[in-house]
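**Student:** output the structure for:
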Amino acid sequence: MKFWKAAVTLALSISSFDTVHASTCKTSSQNDSTCAADLEVPPFVAPLLFAQGSQVIPVDSNVLANANDENTNTNNDKTPVMPITGCCSSKPIGEMPQMSTEQSLQILSDAKQGWNHGNGAWTQMTLAQRISAIQSFVSELQQSRDEIIHVLMYEIGKNYKDAASEFDRTIIFVEETIQTILSSPAFSSEFHNVPSTNVNVMIRRNAFGIILALGPYNYPLNETYATIIPALLMGNVVILKIPQIGGLAHLLTFQAFSRALPPNTINFISGSGRKTLPKLMESGDVDGLAFIGGTEAADKLIKGHPEPHRLKLFLQLEAKNMAIVLKDMLDEEQGSYPNQKMMGDIITGALSFNGQRCTALKIIFVPKGYGKKVAKALAKKVESLTIGMPWEIHESGAYSQITPLPNQKRVQYMQALVDDALSKGAIIANKNGGKVGVIDAKTEQDDESSPHDASTLMVPAILYNVTPDMKLYTEEQFGPLVPVVEYDSIDEVLAYGLYGNYGQQVSVFTNQASSEAVSIVDTFSAVYGKININSQCGRSPDSVPFTARRSSGMGIMSIEDALKEFSIPTVVSYKHEDTKSVIEGIRRESKFMKRL
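**Tutor:** A predicted model of the protein is given here:
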């Protein structure tokens, strides 16, 4: 393989960054195994359907769908496909089947067969049997590790290290979920006597039905599996709606699911959500909704259910997480938590994976008179970040920290927010902030024939003089924009949190246990799911509850909490001691009561 150097030449004479292609990719979590794929070559994922709950069927890619045409016809039972270009390729890297309303209703029918009022094959397995099946699935999935990593890089712009981490963390999450079931009393089948009564009870959790799951594009594997794997282990049947962006990786999992799980245990729907999902919800046959995405889409789905009172919801939605910098951090250069450390943590929190995380820091509050100073300090941090394509290793030895956004739509939204802010008095603190670039690959090929495209590569923008009349003040940017807002008193910051729409996380930066710091913690303890002191917002570790309030979500995401979210306790009880022998006889034959 030829080594090559690429200069990322950003528009309007932006500085270039020398990089070298990684001929082999290594990750310590896989014992330094090398990537099977040549990361320089874009991948291609052929369109597939998962039919009758187990069959993997190729799709005729000659039938193309117009992504903007909601009335695309499917003739001769052929399923149209939509070409997926991704973030970094000049040509499609795959094709996504665009299923019809009728096809989605057939998927629902298959799922109903799988559930069979709680008496389907999967639900009626013992808990140990379901664990064994998921373990088999993991073994099958790991065979596609390199291919999935390759696709994640090209479709959503995740650098190699982060894409590999997402896959490996997903596997670890599944393994730790299984270990939790095996070790936690909440999932055992032992009887105990209720104090002050003569009642003996066994409390064990079990499924409640058909779960419709929708995962996000930014962590398409990890975030989705954090819901569907607990749901499956508890005995539910799952319909997974594959996202239009970030969905190609899911096509690569079909074979693993088909080999490990019984038919109709999991089904997949791809294509336009407006075509495929409303009729499913209107049927009333969906028992649970696991949704990670925007509030508007979630509301439409929920309202479509004829009996929303019995629709169990698990929602991870939008956020506008604050960083609140207290004055003591800016008056002193040193302290137990230095000023420069804070700046680094803010940038990491705001711009990891280009700020495309629900847990990203999305607005920075600083005391009056310090906006420009903080913005300039953050700008210096941004200028030290490596910018380039997801597979590139820079002279520093690091992969690109800022990579292309997944599509032009995201770029246009970022530009609209910047233009609005600048028109109302905001100032960009860093050189070339917000500029969008193109790639100039120094290879033997002509530029026109290059397989790569960096037209969605955006330099992060640090903006100060941001005010409440700007869209960036209230809207979740979900991208590489960092607004800095000045406050006169801490009451202004508290009001922003108290009266805003969201309630996921907040980060407080201080070196003193001041009355202001105490006020923030106490005031926000019933408003936000997590309060971070001198650290960025984040979801991990997976053993800690990940919660949100108001329009940021419903339900608790952690290993044990997710198992509980997708199950309901069932109680088996007896009073008289002479019934114990009957209970033991039932236990020997019962799949539900069988010990692990």
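**Student:** so the protein: which segments form each domain?
**Tutor:** Annotated domains of the chain cover 35-187+207-316, 321-547 [automatic domain parsing].
**Student:** could these be laid out in TSV, adding mean pLDDT and mean neighbour count?
**Tutor:** (C-beta placed from N, C-alpha, C; glycine too.) Conversion of those to TSV gives the following (pLDDT from 0 to 100; neighbours: other C-beta atoms under 10 Å):
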stretch	mean pLDDT	mean neighbour count
domain 35-187+207-316	92	20
domain 321-547	92	19
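**Student:** which of the ones you listed sits closest to residue 560?
**Tutor:** Of all the domains of the chain, domain 35-187+207-316 sits nearest to residue 560, with 5.3 Å by C-beta to C-beta.
**Student:** coming back round to it: and the domains of the chain: which comes nearest residue 197?
**Tutor:** When these are compared by C-beta to C-beta, domain 35-187+207-316 sits nearest residue 197, at 19.4 Å.
**Student:** ok so, going back, the domains of the chain into a markdown table, with extra columns for distance to residue 555?
**Tutor:** Shown next, in a markdown table, are those (distance: least, C-beta to C-beta, whole Å):
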| stretch | distance to residue 555 |
| --- | --- |
| domain 35-187+207-316 | 4 |
| domain 321-547 | 8 |
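**Student:** what's the residue nearest in space to the middle of the chain in contact with, if anything?
**Tutor:** The residue lying closest to the centre of the chain (C-alpha atoms, centre = their mean) is residue 219, at 3.4 Å. Listed by C-beta atoms under 8 Å, 6 or more residues apart in numbering, the contact set of residue 219 reads 166, 357.
**Student:** before we move on, the earlier item: so which of the domains of the chain is nearest residue 574?
**Tutor:** For the domains of the chain, distance to residue 574 was read as C-beta to C-beta. The smallest value, 19.4 Å, belongs to domain 35-187+207-316.
**Student:** okay, the residue nearest to the centre of the chain and residue 137: tell me how far apart.
**Tutor:** 19 Å (C-beta to C-beta, to the nearest Å).
**Student:** and for residue 321?
**Tutor:** Distance from residue 321 to residue 137, by C-beta to C-beta: 34 Å.
**Student:** end to end, how far does stretch 397-413 reach?
**Tutor:** This stretch, stretch 397-413, spans 32 Å end to end (C-alpha to C-alpha, to the nearest Å).
**Student:** can you check stretch 305-315 too?
**Tutor:** One end of stretch 305-315 sits 16 Å from the other (C-alpha to C-alpha).
**Student:** contacts made by it with the rest, please.
**Tutor:** For stretch 305-315, contacts defined as C-beta under 8 Å, 6+ apart pick out 208, 227, 281-282, 284, 286-292, 298, 302, 553-555, 557, 565-566.
**Student:** switch to 7 Å and redo it
**Tutor:** Stretch 305-315 has contacts (C-beta atoms under 7 Å, 6 or more residues apart in numbering) with 208, 227, 281-282, 284, 286-291, 298, 302, 553-555, 565.
**Student:** again, but for stretch 143-161
**Tutor:** Contacts of stretch 143-161 (C-beta under 7 Å, 6+ apart): 22, 25, 35-37, 39, 42-43, 45, 84, 86-89, 93, 163-164, 166-167, 217-218, 221, 245-246, 248-249, 252, 256, 353, 390-391, 399-400, 403-406.
**Student:** and what of stretch 287-303?
**Tutor:** Under the criterion C-beta under 7 Å, 6+ apart, residues 208-216, 223, 227, 231, 273, 277, 281, 308, 311-318, 551, 566 lie in contact with stretch 287-303.
**Student:** now intersect the residues you listed with the strands, please.
**Tutor:** Of the positions in the contacts of stretch 287-303, 210, 211, 212, 213, 214, 312, 313, 314, 315, 316 sit in strands, assigned by DSSP state E.
**Student:** just checking, residue 218 touches residue 356?
**Tutor:** Yes - in this structure residue 218 lies within contact range of residue 356 using C-beta atoms under 7 Å: 4.6 Å.
**Student:** hmm, back to that, in strands, which of the contacts of stretch 143-161 fall?
**Tutor:** Members of the contacts of stretch 143-161 lying in strands (criterion: DSSP E): residue 84.
**Student:** what's the burial count for residue 577?
**Tutor:** 9 (other C-beta atoms under 10 Å).
**Student:** now it: how far from residue 247?
**Tutor:** Per C-beta to C-beta, residue 577 is found 57 Å from residue 247.
**Student:** list the contacts of residue 123.
**Tutor:** Counting by C-beta under 7 Å, 6+ apart, residue 123 touches 115, 207, 235.
**Student:** residue 526: which of the residues you listed is nearest?
**Tutor:** residue 207 (32.3 Å).
**Student:** which residues touch that closest one?
**Tutor:** Neighbour list for residue 207: 118, 123, 234, 235, 236, 567 [criterion: C-beta under 7 Å, 6+ apart].
**Student:** measure the fourth one to residue 318 for me?
**Tutor:** So that's residue 235. Counting by C-beta to C-beta - residue 235 and residue 318 are separated by 31 Å.
**Student:** same check on the second one?
**Tutor:** Separation of residue 123 from residue 318 (C-beta to C-beta) stands at 33 Å.
**Student:** can you check the third one too?
**Tutor:** Here the criterion is C-beta to C-beta. By it, residue 234 lies 27 Å from residue 318.
**Student:** swap in residue 262?
**Tutor:** 36 Å.
**Student:** what of residue 553?
**Tutor:** Residue 553 is 9 Å from residue 318, where distance means C-beta to C-beta.
**Student:** now swap in residue 400 and tell me
**Tutor:** 27 Å.
**Student:** got it, and residue 583?
**Tutor:** Relative to residue 318, residue 583 is positioned 49 Å away (C-beta to C-beta).
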